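> Below is the structure, and that's it, no one-letter string:
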């Protein structure tokens, strides 16, 4: 019985998966489409004094609303846009501020 337990323990140890290699992080770079979305948002802001709603971005670039939202969230993650206290999008403000 002791021998069977030793064999089972060795088999359990051998069947454990090897630790995964660490994933390489991609450099945070916006795609061409995301840069076009950002430029559209700047133009829209200049003409309307507000950023465009997601459905306007989706319509302008012939995207599904979920795809447009994904591109906007990516721009937020990359620091090209930010959300204010109530969750509205805005262009990032400078850190530190001048005295």
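Structure received. Bear in mind the structure is a predicted one, so any value in this text is a computation, not a measurement.
> what's the closest non-adjacent residue to the most centrally placed residue in the chain?
In the chain, the centroid-proximal residue (Cα atoms, centre = their mean) is residue 74; its distance is 3.8 Å. Among residues not flanking residue 74 along the chain, residue 34 sits closest, at 6.0 Å (Cβ to Cβ, 6 or more residues apart in numbering). No exception for glycine: its C-beta is placed from N, CA and C like everyone else's.
> for the chain, what helix or strand is lowest in average pLDDT?
Least confident helix or strand of the chain, by mean pLDDT, DSSP states H and E, is helix 2-15 with a mean of 75.
> after it comes which helix or strand?
Per DSSP states H and E, the first helix or strand lying C-terminal to helix 2-15 is helix 32-48.
> Report the buried residues of the helix or strand that that next one is followed by.
Using DSSP H and E, the helix or strand that follows helix 32-48 towards the C-terminus is helix 54-60. Buried positions in helix 54-60, judged by neighbour count with 16 or more other Cβ atoms under 10 Å: 54, 57-58.
> Tell me the helices and strands packed up against the helix or strand hosting the residue nearest to the centre of the chain.
In the assignment (DSSP H and E), residue 74 maps to helix 65-77. For helix 65-77, the packing partners by 3 or more Cβ pairs under 8 Å, 6 or more residues apart in numbering; DSSP states H and E come out as helix 32-48, helix 54-60.
> Just want the angle from that helix to helix 32-48.
90 degrees (axes from the mean of the first three to the mean of the last three Cα atoms, to 10 degrees).
> tell me the mean pLDDT for helix 65-77?
When pLDDT is averaged over helix 65-77, the result is 95.
> just checking, next helix/strand downstream of that helix?
The element immediately downstream of helix 65-77 (helix or strand, assigned by DSSP H and E) is strand 82-83.
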